[in-house]
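**Q** sequence below, structure please.
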Amino acid sequence: MTDRASEQLGQLGRVGIWTFAYEGQPAGRVRESAVEVEELGYGALWYGEGFGRDAVGQAWLLLSATRRITVASGIANIAFRDPITTAAATRTLGEAFPGRYVLGLGGHRVDDTVHEVDGYPVPARGRAVHTMRTYLDDMDATPAHGPKPDPAPRRVLAALGPKMLGLAAERTWGAHSYFVPVEHTARARRIMGPDAFLGVEQAVVLDTDLRRAREVATGHVAMYVSMAPHQEANVRRLGFGDEDIEGGPSRRLVDAIVAYGDTEAIRRRVQQHFDAGADHVCLQVLTADPLGPPEREWRELAPALVPRPQPVPASAG
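**A** Residues are numbered from 1 along each chain as shown. Below is the predicted model:
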């Protein structure tokens, strides 16, 4: 990581948490859990946007409950909201919580087809980069009234393919990659150059019973390659073929996407991403209960992966 990138990383830190689990939890429960994640020393809380809370509401909930941790959407779906609304919400969050919000953008906006799962538009083939570029143009062209956040909130793009990675480096702070092996991290760094931010999601199963851990990991990989065509396309681009995908994911593909085993096995995978060029790794801990926050695992992983947290002054806010 260059000196410039290191300076920009700031309080985001090197290791964060990525979770979908907060979507189904009561607001009070989410607040309590977010406070503990911060106290454990993780630098960032990344969250997905699916069928629960919207990305902006979830950001407010997490930011207002905590004092210093960075909160990042991973990602806010551009199919769900107008770019004018996204620009306004981002400015407001940046003003209210200076330096603590990262807007991750992804998804697609077209008019001719809809996704069979959630009913929202999906991309015409080859149009994803053009659509995202236009969305960023529209955000940037939105008039900014009222207080100006200082510093300006950072933006990253959900990026897998070379063109989207290039756009992320050109137009935003950098890229947030999801469901990727270490090889993708190395490729992304070569494409984006040394200064763009690269935040990598890494799925993990903390379980020394390897048969059981592999079962959880296989279910996770099978879901994505069967329901997310862009994820399947990405792993094929990395050299995985029909034998790795059809009829269920191969052991080779599962092991490339998910780190499982004890804390040391997970620490090694995180370090491999850093060695390949990642600036930040956010851990998505998988368990047999996908709806419950994996707080026990977050506690067990923290000592090996994050620096000892410093006490927050009582006056901080």
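**Q** roughly how far does the residue nearest to residue 49 when sequence neighbours are not counted sit from residue 303?
**A** Once flanking residues are discounted, residue 49 sits nearest to residue 55: 4.4 Å by Cβ to Cβ, 6 or more residues apart in numbering. All C-beta spots, glycine's among them, are computed from the backbone N, C-alpha and C. When distance is defined by Cβ to Cβ, to the nearest Å, residue 55 is 31 Å away from residue 303.
**Q** give me the neighbour count for the residue nearest to residue 49.
**A** The local packing of residue 55 (other Cβ atoms under 10 Å) involves 21 other residues.
**Q** with residue 233 instead?
**A** Using other Cβ under 10 Å, residue 233 has 13 neighbouring residues.
**Q** wait, what's in contact with it?
**A** Neighbouring residues of residue 233 by Cβ atoms under 8 Å, 6 or more residues apart in numbering: residue 161.
**Q** rerun at 10 Å
**A** 160-161, 225 (Cβ atoms under 10 Å, 6 or more residues apart in numbering).
**Q** can you redo these as a markdown table with neighbour count and distance to residue 182?
**A** Output for the contacts of residue 233, formatted as a markdown table (neighbours: other Cβ atoms under 10 Å; distance: Cβ to Cβ, whole Å):
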| residue | neighbour count | distance to residue 182 |
| --- | --- | --- |
| 160 | 25 | 14 |
| 161 | 17 | 17 |
| 225 | 23 | 18 |
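**Q** of these, closest to residue 245?
**A** residue 225 (5.4 Å; Cβ to Cβ).
**Q** so residue 226 sits against residue 232, correct?
**A** Yes - under the criterion of Cβ atoms under 10 Å, residue 226 makes contact with residue 232 at 8.0 Å.
**Q** shared neighbours, these two?
**A** Residues touching both residue 226 and residue 232 by Cβ under 10 Å, 6+ apart: residue 245.
**Q** can you tell me the closest non-neighbouring residue to the most centrally placed residue in the chain?
**A** Centroid check for the chain by Cα atoms, centre = their mean gives residue 74 as the closest residue, at 3.8 Å. Among residues not flanking residue 74 along the chain, residue 46 sits closest, at 3.9 Å (Cβ to Cβ, 6+ apart).
**Q** what about the one helix or strand the one you found maps to, distance to the chain center?
**A** In this structure, residue 46 sits in strand 44-47 according to DSSP states H and E. With Cα atoms, centre = their mean, to the nearest Å as the basis, strand 44-47 stands 7 Å off its chain's centre.
**Q** what's downstream of it, the next helix or strand?
**A** helix 55-65.
**Q** mind listing what's buried in that following helix?
**A** For helix 55-65, the buried set under the neighbour-count rule, 16 or more other Cβ atoms under 10 Å, comprises 55-56, 58-63, 65.
**Q** other SSEs contacting that helix?
**A** Where contact means 3 or more Cβ pairs under 10 Å, 6 or more residues apart in numbering; DSSP states H and E, helix 55-65 is packed against helix 27-40, strand 44-47, strand 70-73, strand 76-77, helix 83-96, strand 101-106.
**Q** the same query, at a cut-off of 8 Å, please.
**A** The contact analysis (3 or more Cβ pairs under 8 Å, 6 or more residues apart in numbering; DSSP states H and E) places helix 55-65 against helix 27-40, strand 44-47, strand 70-73, strand 76-77, helix 83-96.
**Q** the last one: which residues count as buried?
**A** Same thing as helix 83-96. Buried-residue list, helix 83-96, by 16+ other Cβ under 10 Å: 83, 86-94.
**Q** how about those in TSV, adding pLDDT and distance to residue 283?
**A** What follows is those, written out as TSV (pLDDT from 0 to 100; distance: Cβ to Cβ, whole Å):
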residue	pLDDT	distance to residue 283
83	95	31
86	97	27
87	97	30
88	96	31
89	97	27
90	97	25
91	97	30
92	97	29
93	98	24
94	97	26
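**Q** which of these sits closest to residue 200?
**A** Comparing the buried residues of helix 83-96 against residue 200 with Cβ to Cβ places residue 90 closest, at 22.5 Å.
**Q** all good on my end, thank you.
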